[in-house]
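Q: Need coordinates for the following:
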Amino acid sequence: MESWQENHSSVSSNATELAIGFTSSAVAVFLFGTNFVPVKKFETGDGMFFQWILCATIWIVALIVNLIQNCPKFWSLAMVGGFLWATGNITVVPIVKTIGLGLGLLIWASFNLLTGWASSRFGWFGIDPEEVAKPILNYVGAGLSVVSTILFLFVKTDVQNSSSSSESEPLLREHAINTSERRAETRSDVSWVDNLSPLGKRVIGCSLAVIAGILYGSSFVPVLYIKDHGRRNGTMYTGASQFDLDYVFAHFSGIFLTSTTYFLIYCAVMKNRPKIYPQVILPGFVSGVLWAIASCCWFLANRYLSAVVSFPIITAGPGFIAAMWGVLVFKEIKGLKNYVLLLLAFCVILAGSLSTAFSKV
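A: Numbers count the residues shown, from 1 in each chain. Alright, predicted model coming up:
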């Protein structure tokens, strides 16, 4: 009788953990695919001011989480993950302005998936490799992710036309933004991205998306390193918390410190005349809150599902959400051929994600 109760309790506990893990993943997928939508219809220039607002908001959310968690021990190594993420993040606005929200997110999400999967699967950078029950299925999933990335590169976007036709009605309304003064300012204050040729935009946008994906995929490595070495005796991290959410404040502090450093360097390069866009403050704040909540959910998913399972789900899923915004709202992706390619790419990356996830079972 006691044995049955113990087994029942164990099954119930596992079911609860899986429910928390998959629920956190679902929330993260939706918010990651949506978090840039509030700012999409506002002028952000070169994006440096926007990324600083975004990262400042992320740190505020982290401070709240830290207080809720009763201020767990601060591990400075976790800040390195924030540095990697913030470095990738400064490329986001140029990516969106060159190849669009949908395609940009799909490319960097694919490389994010591959980097995060490979580092956790093979134990790169000193972390413990994740053992899977079905290695062949795991490799098939990774291979399908590569194929989906290639398919995404053939999807054509029409960002310029989208901007001229739909960006006159922002999702977050503000009277001052819709005046003729704003339109005149937008035309006269263009960034380096606006001066690129169509081919140049595509090359730059795709290249930056690949770099961003690799940096994003590496951002969890420091936290995983601390956790893995926390289970060993005789290391400086012995006894470190195994609950991923305890590292959010250090990770997000690294994001804010790095973004602030980049912004100050940018101000110096601009000779103390940075391009400031006050109208992006509120949308940037909303975007930062959405991203921070999504990232906290990702930390929870890593805890309850493991990184080798959460990465395929959370990195692949937002592409679908973002592409739907690009197709239905921003009209960046048009034409039957593009729709067929998107559908095929979605099917391939979904199959790859499911294969990678089920290889753990």
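Q: For the stretch 151-300 of the chain, which segments are assigned as helices?
A: With DSSP state H, counting those that start in this stretch, the ranges of helices along the stretch 151-300 of the chain come out as 159-166, 180-188, 198-218, 221-230, 248-269, 281-305.
Q: Mind pulling up the pLDDT for G254?
A: pLDDT, G254: 96.
Q: and it, how many neighbours?
A: Other residues near G254 come to 25 when the count uses other Cβ atoms under 10 Å. For every residue, glycine as well, the C-beta is placed using N, CA and C.
Q: List the single closest residue to it in space, sequence neighbours excluded.
A: G82 (2.3 Å; Cβ to Cβ, 6 or more residues apart in numbering).
Q: Hmm, that neighbour is touching S253, no?
A: Yes. Counting by Cβ atoms under 8 Å, G82 does reach S253; the two are 6.4 Å apart.
Q: of the two, who's got more company?
A: G82 (29 against 20).
Q: ok, now which ones touch that one?
A: G82 is in contact with S219, A250, H251, F252, S253, G254, I255, F256, L257, T258, counting by Cβ atoms under 8 Å, 6 or more residues apart in numbering.
Q: how near is it to W75?
A: From G82 over to W75 the distance is 12 Å, taken as Cβ to Cβ, to the nearest Å.
Q: Same question for R303.
A: 16 Å.
Q: thinking again about what came up before, identify the contacts common to G82 and W75.
A: Between them, G82 and W75 share the contacting residues A250, judged by Cβ under 8 Å, 6+ apart.
Q: How many neighbouring residues does M236 have?
A: Neighbours of M236 (other Cβ under 10 Å): 10.
Q: For it, give its distance to G230.
A: 10 Å.
Q: again with A142
A: 28 Å.
Q: what does N35 give?
A: Taken as Cβ to Cβ, the span from N35 to G230 is 31 Å.
Q: In terms of neighbours, single out the busier of the two.
A: Taking other Cβ under 10 Å, N35 and G230 do not tie; N35 has more neighbours (24 against 16).
Q: Which residue, neighbours along the chain excluded, lies closest to that one?
A: Using Cβ to Cβ, 6+ apart and skipping residues adjacent in sequence, the residue nearest N35 is L290, 3.8 Å away.
Q: wait, doesn't the one you found sit right on F30?
A: No. L290 is beyond contact range of F30, at 9.3 Å (criterion: Cβ under 8 Å).
Q: the more surrounded of those two?
A: Set side by side, L290 and F30 show more neighbours around L290, with 22 against 17, by other Cβ under 10 Å.
Q: residues touching the more buried one, list them.
A: Contacts of L290 by Cβ under 8 Å, 6+ apart are L31, T34, N35, P38.
Q: Include secondary structure and distance to G21 when you put the residues you listed into CSV, please.
A: Shown next, in CSV, are those (DSSP: H, G, I helix; E, B strand; the rest coil; distance: Cβ to Cβ, whole Å):
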residue, secondary structure, distance to G21
L31, helix, 16
T34, helix, 21
N35, coil, 21
P38, helix, 28
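Q: ok, and the most crowded of the residues you listed?
A: Result: N35 is most packed of the contacts of L290 (other Cβ under 10 Å), 24 neighbours.
Q: Return the backbone torsion pair for that residue.
A: As for N35, its main-chain torsions (degrees, to the nearest 10) stand at phi -60, psi -20.
Q: residues in contact with it?
A: N35 sits next to S287, L290, W291, A294 when contact means Cβ under 8 Å, 6+ apart.
Q: how close does it sit to G116?
A: N35 sits 18 Å away from G116, going by Cβ to Cβ.
Q: Q242 now?
A: From Q242 to G116 the distance is 19 Å (Cβ to Cβ).
Q: Which one's more surrounded, those two?
A: A direct count of neighbours by other Cβ under 10 Å for Q242 and G116 places G116 higher, at 27 against 12.
Q: host element of that one?
A: If you go by DSSP states H and E, G116 is part of helix 101-122.
Q: now P129: how far from R121?
A: Applying Cβ to Cβ to P129 and R121 gives a distance of 6 Å.
Q: Retrieve the pLDDT associated with P170.
A: On the pLDDT scale, P170 gets 41.
Q: Could you do the one 4 residues further on as well?
A: According to the predicted model, the pLDDT of E174 comes to 39.
Q: Not counting residues beside it along the chain, what's closest to the residue nearest to the spatial centre of the chain?
A: In the chain, the residue lying closest to the centroid (Cα atoms, centre = their mean) is F32, at 6.0 Å. Nearest non-adjacent residue to F32, counting by Cβ to Cβ, 6+ apart: P318, 3.9 Å away.
Q: any weak-confidence spans in this protein?
A: Applying pLDDT under 70 to the chain flags the ranges 1-13, 101-102, 149, 152-153, 155-191, 319, 330, 332-333, 356-357, 360-361.
Q: at 50 instead, please
A: Scanning the chain with the threshold set as pLDDT under 50 gives 4-6, 8, 161-188.
Q: So F74 sits against F252, correct?
A: No. Applying Cβ under 8 Å, one finds F74 not in contact with F252, separated by 11.4 Å.
Q: Those two: who's more crowded?
A: Neighbours per residue (other Cβ under 10 Å) separate F74 from F252, with F252 holding more: 28 against 13.
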